[in-house]
Structure formats: structure tokens, C-alpha cells
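Asker: Could you look at this predicted model? Sequence included:
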Amino acid sequence: MQVEIWSDIMCPFCYIGKRKFEAALEKFPNKNEVEIIWKSYQLDPNIKEQPGKDIYSYLAEAKGQSLEWSKKMHANVVNMAKSVGLEYNFDKAVVANSFDAHRVIQLAKKHGLGDTIEERLFKAYFTEGKNFADHETLAAIGEEIGLDRAEILQLLSMNAMADNVHSDVEEGRRLGLQGVPFFVFNRKIGVSGAQDSAVFLQALEEASK
């Protein structure tokens, strides 16, 4: 069985959803027969690196809300993350575009490291405050999980893998995606959002019939 997951590694609910899906997968009797395929998506494809601007101010401005509202929203997400064992440090978060990180994901998928790179990038962004606009940072992260540093830097110096990212986004839209995370089970069942693990387990069971 295939489970395709559309995700943005700068989406806090995508990391939380990953943990909840993994908890469901552990309870699924045929978990070893499940192939997970990560798909690229960008919540904000037009976002630009903004040195000196914190994530609280960025969200407040993007949503036309107050700074107090943004800090409260982020505090709620921190608590959600804690409930599944994740540590979010939004004080460190860097406002940047995730497109180049998605291109590195596409490269990792070619080497069978899709799940590994997703996990590493999520932690890099939400826990460690890494800058996804910095190519040296992305190369170091890729090298950590077994990719070739020179290959990553060459990829990032060109437009390589851009079409793969765009293709994933368009494919998701054709399937009715309106936000991420978005899980598709055997092209039979779609689950949107960081749902409770019981929802994911039910989808796994139904899709395997």
C-alpha cells in the first residue's frame, strides 16, 4: 500500500501530523507493507527571506492581525507539538522560502531518503532555527543524512528539481488538496490535516481492503 503525504517542511502542523500518522502506523498490522511517498507543497510560495524579522511579526502582518494574536497562536502550536513529543522553538525560526529545501527533498527521494530528509528538515526548522534560504545550511543537512554535499550544492546552483516540486504541487491540487498536511491512502482515501492517530489508523485499514 502507498501513502502519499503532501507537506511543507515549514508547516508546523505537517510535523505534528507526521508524528500522529507514525503512531497510527505502529498499530497497523501490515505496517511493513506500507510505502510512504513524500510530496512537496508550499504554504506560501512567495515568501522571501527577511533578515531581522521574527516569525511572530511575519504571521501577524501576513494575516492582518496583532503581534499579541500571533504570539498566542504560536504558543498554542508549541503545546500541540509537545503533546506528540516535539520541541518547537519559534523564537529561533527564520523567515525564508522553502523552495530550495523542497528541491533537496526531491534529490533525497531519488536516493531512497525521502522520509529521512523530511524528519531532518522539520527538526532543523522548528527546533534548531536553521535558515532554509542558505545553501550551505541545506548542503550540511543533506550531508548529515547521507547525500553528497557537492551534488546538493550543484543542484542548488541551478534550477534542478524545480519541475519535480511544481509537479507535486499540481498533482495535489488535482486531487483536491487545499492545505497541508494532506495524506492520500492508495489513491482511495484522503485525510487532510494533523488528525488524531485513530483517524489515520482507520484510513490505513480501509485503504488496505
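Answerer: In hand now; what should we look at?
Asker: so where do the strands sit in this structure?
Answerer: Per DSSP state E, the chain carries strands over the ranges 2-7, 35-40, 182-185, 189-192.
Asker: right, so of these, which gets closest to residue 149?
Answerer: Checking the strands of the chain against residue 149 by CB to CB gives strand 35-40 as the closest, at 21.4 Å. (C-beta placed from N, C-alpha, C; glycine too.)
Asker: Can you list the strands that that closest one pairs with?
Answerer: Taking DSSP bridges as the criterion, strand 35-40 forms sheet pairs with strand 2-7 (parallel).
Asker: List of residues touching the partner strand?
Answerer: Defining contact as CB atoms under 8 Å, 6 or more residues apart in numbering, one finds that strand 2-7 is touched by 14, 17-18, 21, 34-41, 118, 168, 172, 177, 180-187, 204.
Asker: What subset of these is buried?
Answerer: 14, 17-18, 21, 34, 36, 38-41, 118, 168, 172, 177, 180-186, 204 (16 or more other CB atoms under 10 Å).
Asker: List the residues that contact the residue nearest to the spatial centre of the chain.
Answerer: The structure's the chain has its C-alpha centroid closest to residue 9; by CA atoms, centre = their mean the separation is 2.9 Å. Contact partners of residue 9, counting by CB under 8 Å, 6+ apart, are 15, 98, 101, 102, 105, 118, 121, 122, 125, 132.
Asker: On the pLDDT front, check it for me.
Answerer: Per-residue confidence (pLDDT) for residue 9: 96.
Asker: From residue 207, how far off is it?
Answerer: Separation of residue 9 from residue 207 (CB to CB, to the nearest Å) stands at 25 Å.
Asker: what do you get for residue 187?
Answerer: In terms of CB to CB, residue 187 sits 9 Å off from residue 207.
Asker: For the residue nearest to the centre of the chain, grab phi and psi.
Answerer: phi -70, psi 0 (degrees, to the nearest 10).
Asker: Spatially nearest residue to it (excluding sequence neighbours)?
Answerer: residue 121 (4.2 Å; CB to CB, 6 or more residues apart in numbering).
Asker: Good, we can wrap up now.
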